[in-house]
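*Asks:* Sequence first, predicted model second:
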Amino acid sequence: MTTPTFPVVVDPTDLAGMFDRYARELLRYCTRRVGEQAAEDVVAETFLVAYEQRHRYDTGRGEMLPWLYGIATNLLRRHRRTEIRALRALARGDGGSSTVDGPGQRAADRVDAERTVARLSAVLAKLPRRQRDVLLLYAVAELEYAEIAAALEIPLGSVQSALHRARAKVRAALTSVVQGEAP
């Protein structure tokens, strides 16, 4: 029989405690969104904003992580232009190396993978902000729907709708890649 686990509630006035508990997860999420260097800045700023706005956090809500993801996502919006430029560069093929070593099959597989990444990057770049945020919080941060709703301060139904629409667009892009259509 397993012992039930309860969410660890960190005091919002304990900046070091918040950082120790949540920095790694936030850094992973932010790194995937804007790259390592910018992610470190965003995570640091997330904790500063959280500390400055600690009076807004309701400790009765339980786990603090969704609230921190919401702050981080809002800060990432400032870096949106950089994120969109990077996704568009990947879509153009500027993001990968142009030389591939190894046997022919590995080279072909790599070209196919690069094309798929380019297509998906283009789709992500074109998604509306809310759909992209919801999809990345779900896929990268691995948040549950309710946590995403709390993080973005939107209704649960909006999370479900945005995720459904984003998945449909990504699925369509994958289907066209499999069918060999041009980007």
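*Replies:* Looks like it came in fine. Numbering: from 1, shown residues only.
*Asks:* How about the secondary structure of residue 60?
*Replies:* Judged by DSSP: H, G, I helix; E, B strand; the rest coil, the three-state class of residue 60 is helix.
*Asks:* Could you list the low-pLDDT ranges of the protein?
*Replies:* 1-10, 12, 82-83, 93-112, 176-183 (pLDDT under 70).
*Asks:* can you pull the contacts of residue 173?
*Replies:* Residue 173 makes contact with 119, 120, 122, 123, according to C-beta atoms under 8 Å, 6 or more residues apart in numbering. Backbone N, C-alpha and C define where each C-beta goes, glycine included.
*Asks:* Tell me the gap between the strand or helix carrying residue 24 and the middle of its chain.
*Replies:* Element membership for residue 24, per DSSP states H and E: helix 15-34. Relative to the centre of its chain, helix 15-34 is centred 12 Å away, using C-alpha atoms, centre = their mean, to the nearest Å.
*Asks:* let's number from 22 now, not from 1
*Replies:* Sounds good: first residue 22 from here, last item helix 36-55.
*Asks:* In the chain, which residue is most central in space?
*Replies:* residue 157 (3.3 Å; C-alpha atoms, centre = their mean).
*Asks:* Which strands or helices does the helix holding residue 45 pack on?
*Replies:* Other elements packing on helix 36-55 under the criterion 3 or more C-beta pairs under 8 Å, 6 or more residues apart in numbering; DSSP states H and E are helix 57-73, helix 86-99, helix 101-113, helix 150-160.
*Asks:* Dump the C-alpha coordinates for the third one into CSV.
*Replies:* Only the C-alpha atoms of helix 101-113 are listed here, as CSV (Å, rounded to 0.1, in the frame of the first residue of the first chain):
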residue,chain,number,x,y,z
ARG,A,101,7.7,36.2,-27.9
ARG,A,102,9.4,37.9,-30.8
THR,A,103,12.6,36.0,-30.1
GLU,A,104,10.7,32.7,-29.9
ILE,A,105,8.8,33.4,-33.1
ARG,A,106,12.0,34.3,-34.9
ALA,A,107,13.6,31.1,-33.8
LEU,A,108,10.7,29.0,-34.9
ARG,A,109,10.6,30.7,-38.2
ALA,A,110,14.3,30.1,-38.7
LEU,A,111,13.8,26.4,-38.0
ALA,A,112,10.9,26.4,-40.4
ARG,A,113,13.2,27.9,-43.1
